[in-house]
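Quick one, structure for this:
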Amino acid sequence: MQSSRPAEAARFDRPLLLSPGKDLRGYIFNKLGRAFLFLVTFVSVVAVLLIFYFIIREAAGFLAGPYVKQFFTSASWYPESHEHPEFGVLAIVAGTVYVTVLALLIAVPLGLLAAVWLSDIATFKVRQFIKPVIEILAAIPSVAFGFFAVLVMAPWMQTHLGYDTGTNVLNAGIILAVMALPTIISVAEDSLSAVGMEIREAAYGLGSTRAEAMIRVVIPAGHSGIIAAIILGMMRAVGETMVVWMASGNASQIPSPWWDLSQSVRTMTATIAGDMGETVQGSVHYQSLFSIGILLLVFTFGLNLMSEHFLARVRKGKGA
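Alright, predicted model coming up:
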C-alpha cells in the first residue's frame, strides 16, 4: 500500500495564484504595517528632539546672560544668595566625575571578571540561572539603594572608618558600582560569548592555556563589546539621581586633598533634582539648572553615540 505522506507533505494551504481581492488585502495590510512602524519611529525621534528643544529654550536666557562666564569658570554654587548669587558649576561637575570614576574603578574589574566566569568557566545550567539573577539587580529601584547607603553604609563608615560623615564620595561610588554591575556584566558576557568557540579552540591548538587564551585572544577579540559595556555602565552612574542625592552629602566643593574620598560632594543630577522644586519658574536659578541639564545631556548623548559605535562593531562581528 502506497503511503500518503508524500502527498500530505506536498500540500500547501496558501494558493500559488491569489485572487484580486486577496492580493489587494495583502498589499493594504503591508502598507498599513509599514506606515504604523514608521509612525512609531517618527514619534520617538520627534519626542527626543522636543526634549532637546525644551531644555535649550529654558536655558537660553541664562547662557546669554552675564553669568555664563562664571558658570564655566567658578566652583562656587550659591544661586539663592540675594546680594551676590554665584552659579559656578565646576565643583558640581567635579563631584559627578569623582563618584563616576570611583564607581567604574570598582565595577569594571568585578564586572569583567564575572563576565569571564559566566562565558568560559560556569556550566551552561549555572549560567542560565546566574545571568537572569544578575540582570534582575538592574530592576531594583534606585531609592532602595539610596536608603541602604544612608541607613547601613553611612553609619558603618562613621563607626569603622572614623569618617565625620558617612554620606561622601566613597559611599556614593560603592553604591553606584553595584548599580552599574548588571549592565557591565550582561553586555560584556554577551560580547565574550559572541567571540565563538572556534577562536578558543584555535588558541588551545597552538598550545595556549585556558587563562592565556582568555587574556590574549578572547578578551582582545571582544574588546568592542567590553568597551560598550563600560560606557553603558558609566552612563548608568552619570545619570543616577536618587543614590547620589542621598549618599553623596550634597556639598558643593572639590575635595581637598583630591584623593580624600571621605568628603561630601554634589553631582549634576542631584543639583537639578534638589533645587528644581524650590526655584521660581523663569528665574536665573531656574534657567541655570537647565544649563546644567544641557551639560548632562551633551555628556550622556556623547557616551550613547560611543556605545552605539562599539555595539555596532560587535553586531558586525556576529554577522548581524
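
now the helices for the stretch 151-300 of the chain?
In the stretch 151-300 of the chain, the helices defined using DSSP state H, counting those that start in this stretch lie at 154-156, 169-194, 197-205, 210-213, 219-221, 223-239, 242-247, 268-276, 284-318.

Let me fix that, I meant to ask about the stretch 1-150 of the chain.
5-9, 20-63, 68-73, 90-116, 124-136, 142-148.

still on that earlier bit, so which of the helices of the stretch 151-300 of the chain is the most surrounded?
Sort the helices of the stretch 151-300 of the chain by mean neighbour count, taking mean count of other Cβ atoms under 10 Å, and helix 242-247 sits at the top with a mean of 27. In this view, the C-beta of every residue, glycine as well, is placed from N, C-alpha and C.

Out of the helices of the stretch 1-150 of the chain, which gets nearest to H82?
H82 lies closest to helix 68-73 among those, at 16.7 Å (Cβ to Cβ).

care to break this structure down by domain?
Using automatic domain parsing, the domain ranges for the chain come out as 16-64, 70-318.

Dump the helices of the stretch 151-300 of the chain to TSV, plus mean pLDDT and distance to T96.
As requested, the helices of the stretch 151-300 of the chain are exported to TSV (pLDDT from 0 to 100; distance: least, Cβ to Cβ, whole Å):
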stretch	mean pLDDT	distance to T96
helix 154-156	93	20
helix 169-194	91	10
helix 197-205	86	39
helix 210-213	86	37
helix 219-221	87	29
helix 223-239	87	7
helix 242-247	90	8
helix 268-276	90	5
helix 284-318	82	8
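
S44 is nearest to which of these?
Closest to S44 of the helices of the stretch 151-300 of the chain, according to Cβ to Cβ: helix 284-318, at 14.2 Å.

tell me the angle that closest one makes with helix 20-63.
Computed by axes from the mean of the first three to the mean of the last three Cα atoms, to 10 degrees, the angle separating helix 284-318 from helix 20-63 equals 140 degrees.

Against which helices or strands is helix 284-318 packed?
Packed against helix 284-318 by the contact rule (3 or more Cβ pairs under 8 Å, 6 or more residues apart in numbering; DSSP states H and E) you find helix 20-63, strand 86-87, helix 169-194, helix 223-239, helix 268-276.

I am finished for the moment; much appreciated.
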